[in-house]
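Peer 1: sharing a model that was predicted from the sequence below.
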Amino acid sequence: MKQNVIDIAYVVSAILFIYGLKRLQSPATARKGNQLAAIGMFVAVVATLFLQEIMTPVVMIIGVVIGSGIGVYLAKRVEMTGMPELVAAFNGFGGIASALVAGAEVARLMAPNAAYTGGALFDGFAAVTISLSLVIGMITFTGSFIAFGKLSGRISGNPISFPGMRLFTILFLAGTIGAVVWMVMNAGMFPGVGNEPVVQAAIAIAVAGAVLGVLLVIPIGGADMPVVVALLNSYSGIAAAATGFVLDNTALIVSGALVGASGLILTNIMCVAMNRSLLNVLIGGFGGDSGGGPAGAVSSEGKTVNSTTPDDVAILLSYASKVIFVPGYGMAVAQAQHAVRELADELAKKDVEVKFAVHPVAGRMPGHMNVLLAEANVPYDMLFEMDEINGEFETADVAVVIGANDVVNPAARHDKSSPIYGMPILNADQAGTSIVLKRSMRPGYAGIDNELFYNSNNQMLFGDAKDSISSIVNEIKQL
């Protein structure tokens with residue numbers, strides 16, 4: 001009877017996972033989808049711990065309270081600009097959890113006093129699943145915290161390498177495969193009987209996985225961090241699924257498979273959005289810190305831009321028929337999303353059609369701009385993906401680019417020597433007038449000048465985006 005209840009609980013949690021994941025497809029339903037998936041995980045945890053009597057109800061409740069408290073604290077304390085690195089850290093925690101469970105299973109199965117039930121407790125299947133959980137979990141753990149360091153600025157966003165690094169990586173990968181084979185070859189033994197090779201193999205796999213995580217992520221530039229975050233999220237799901245096989249836990253297998261598959265799909269979407277292959281992202285060393293480049297209103301080649309003021313922008317927007325906002329990471333840095341929403345509201349009062357164009361790789365994690373705009377209560381029906389809205393820029397009177405850079409650079413269309421050539425961009429340059437809000441002329445992660453800045457129909461509004469937009473709002477209210 002107890003097992004039947006557990007199985008039913010796992011089916012319910014799987015349904016909630018799948019339905020919740022489906023609801024994540026749209027900003028309008030994403031919050032509800034996240035809640036459904038969280039409920040599904042809670043049901044699975046309760047079924048596993050309580051019904052199988054792994055923990056007493058008191059201990060379980062204490063764990064739920066502590067975990068929930070940490071979650072609430074982080075949700076309230078972490079700024080939206082810090083959300084990408086928080087997601088990276090969560091991926092890392094998922095990875096280390098899977099690795100620790102796999103390590104604990106090795107210790108349990110190979111303990112000299114383990115219960116013998118009439119057969120080899122540590123067979124080939126167990127060896128393979130434990131190995132996968134260990135290596136993928138450790139790669140996810142260390143790789144995610146390297147990504148965390150790059151996103152938070154604790155580690156340079158520039159690609160970091162050293163002579164022979166790729167050879168070193170290949171050697172560690174070969175060593176990892178060798179350790180896995182070693183563990184599988186020593187499977188089938190009874191607990192406590194010559195188990196040293198298995199334990200040694202497990203330690204070797206964990207160490208090699210940890211080193212591989214660092215070697216695989218540290219040479220990747222900051223421009224590719226959104227792809228890396230999505231890929232590491234997939235790794236964490238695959239590690240969880242492998243752990244599910246280790247523990248024979250259906251809920252963990254289902255949830256891990258869903259996260260792994262959706263993460264890979266998202267990774268592919270991000271690569272397509274940059275017109276680059278995943279292999280190119282992993283070994284390309286593209287992008288880095290955006291601190292270089294000219295800080296004034298003159299390019300490195302001596303080209304000048306048209307500067308404007310909040311007063312002039314307010315007049316231009318007030319008499320427009322259609323305005324498209326293009327948010328970027330600069331909006332996140334300035335925490336300007338609420339001011340942008342207020343500006344959109346003021347324009348709507350003047351019967352101006354307002355839309356938001358969101359590029360798939362804008363920001364530092366998948367969906368970063370959607371999260372920021374949702375926090376500011378921008379209506380979901382005003383948010384449009386690149387493919388949906390790109391054809392509308394030609395009919396827009398004004399395109400307002402807020403802290404975006406490479407995703408609106410026309411060089412991606414025609415300059416074959418550009419590192420972003422072929423990357424799909426938002427057609428902000430095709431609007432009647434484009435206005436770019438930036439602190440300076442410093443380039444984005446690609447490290448190149450943006451041709452849009454020097455177009456005759458473009459105007460640059462220099463300064464903090466939040467302050468600039470607030471000034472525009474105040475001027476519009478007086479018109």
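Peer 2: Thanks, I have the structure now. Residues are numbered from 1 along each chain as shown.
Peer 1: my read: residue 218 touches residue 142, true?
Peer 2: No - look at residue 218 against residue 142 with C-beta atoms under 8 Å: they stay out of range, at 9.6 Å. The way it works is simple: take the backbone N, C-alpha and C, and place the C-beta from them, glycine included.
Peer 1: now residue 364: how far from residue 23?
Peer 2: 24 Å (C-beta to C-beta, to the nearest Å).
Peer 1: and what of residue 342?
Peer 2: To residue 23, residue 342 is 29 Å away according to C-beta to C-beta.
Peer 1: before we move on, back to that, quick one: which of residue 364 and residue 23 has more around it?
Peer 2: Set residue 364 next to residue 23 and count neighbours by other C-beta atoms under 10 Å: residue 364 wins out with 26 against 18.
Peer 1: contacts only, for the nearest residue to that one once chain neighbours are set aside.
Peer 2: If the residues on either side of it in the chain are set aside, residue 364 comes closest to residue 84, at 3.9 Å by C-beta to C-beta, 6 or more residues apart in numbering. By C-beta atoms under 8 Å, 6 or more residues apart in numbering, the residues touching residue 84 are 151, 225-226, 229, 363-365, 368.
Peer 1: likewise residue 198?
Peer 2: Contacts of residue 198 (C-beta under 8 Å, 6+ apart): 106, 110, 122, 127, 183, 186-187, 189.
Peer 1: which ones among those map onto helices?
Peer 2: Counting by DSSP state H, the part of the contacts of residue 198 found in helices is 106, 110, 127, 183.
Peer 1: on that earlier part again, in helices, which of the contacts of residue 84 appear?
Peer 2: Among the contacts of residue 84, DSSP H puts 151, 225-226, 229, 368 in helices.
Peer 1: not counting the worst-scoring helix or strand of the chain on mean pLDDT itself, show me its contacts.
Peer 2: In the chain, no helix or strand scores lower on mean pLDDT, DSSP states H and E than helix 278-283, which sits at a mean of 81. Helix 278-283 is contacted by residues 166, 216, 219-220, 224, 227-228, 231, 267-268, 271, 274, 286 when judged by C-beta under 8 Å, 6+ apart.
Peer 1: equivalent analysis for stretch 308-322, please.
Peer 2: For stretch 308-322, with C-beta under 8 Å, 6+ apart as the criterion, the contacting residues are 323, 343, 347, 350, 352-355, 392, 395-398, 400, 433, 435, 459-461, 468, 471-472, 475-476, 479.
Peer 1: can you give me the end-to-end distance of it?
Peer 2: 20 Å (C-alpha to C-alpha, to the nearest Å).
Peer 1: quick check: buried residues in it?
Peer 2: Neighbour-count burial for stretch 308-322, with 16 or more other C-beta atoms under 10 Å as criterion, is recorded at 308-310, 313-314, 316-318, 320, 322.
Peer 1: and if you look at stretch 35-44?
Peer 2: 36-37, 40-41, 43-44.
Peer 1: can you give the distance of stretch 450-460 from its chain's centre?
Peer 2: 30 Å (C-alpha atoms, centre = their mean, to the nearest Å).
Peer 1: and the contacts of it?
Peer 2: So stretch 450-460 is contacted by 297, 299, 303-308, 312-313, 401, 405-406, 408-411, 415, 428-429, 431-436, 438, 441, 443-444 (C-beta under 8 Å, 6+ apart).
Peer 1: mind doing that once more with 6 Å?
Peer 2: 303, 305-308, 405, 408-411, 429, 433-436 (C-beta atoms under 6 Å, 6 or more residues apart in numbering).
Peer 1: pull the most distant pair out of the residues you listed.
Peer 2: Greatest spatial distance in the contacts of stretch 450-460: 308 and 411, 22.7 Å, computed using C-beta to C-beta.
Peer 1: and for the closest residue to residue 346 other than its chain neighbours, the neighbour number?
Peer 2: Closest residue in space to residue 346, ignoring its immediate chain neighbours: residue 476 at 4.9 Å, by C-beta to C-beta, 6+ apart. Number of residues near residue 476 (other C-beta under 10 Å) recorded here: 21.
Peer 1: can you tell me the helix or strand for residue 476?
Peer 2: helix 465-478 (DSSP states H and E).
Peer 1: now that helix: average pLDDT?
Peer 2: In this model, helix 465-478 has a mean pLDDT of 94.
Peer 1: helices or strands up against that helix?
Peer 2: When contacts are defined as 3 or more C-beta pairs under 6 Å, 6 or more residues apart in numbering; DSSP states H and E, helix 465-478 sits against helix 310-318, helix 329-334, helix 337-349.
Peer 1: and of those helices, who's closest to residue 379?
Peer 2: helix 337-349 (8.9 Å).
Peer 1: CA atoms only for that closest one, dumped as CSV, please.
Peer 2: Taking Å, rounded to 0.1, in the frame of the first residue of the first chain, the C-alpha atoms of helix 337-349 are listed here in CSV:
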residue,chain,number,x,y,z
GLN,A,337,13.0,48.7,-15.8
HIS,A,338,10.5,50.6,-13.6
ALA,A,339,11.3,53.9,-15.2
VAL,A,340,10.9,52.3,-18.6
ARG,A,341,7.5,50.9,-17.7
GLU,A,342,6.5,54.4,-16.4
LEU,A,343,7.6,55.9,-19.7
ALA,A,344,5.6,53.3,-21.6
ASP,A,345,2.6,54.2,-19.6
GLU,A,346,2.9,57.9,-20.2
LEU,A,347,3.3,57.3,-24.0
ALA,A,348,0.2,55.0,-23.9
LYS,A,349,-1.8,57.9,-22.4
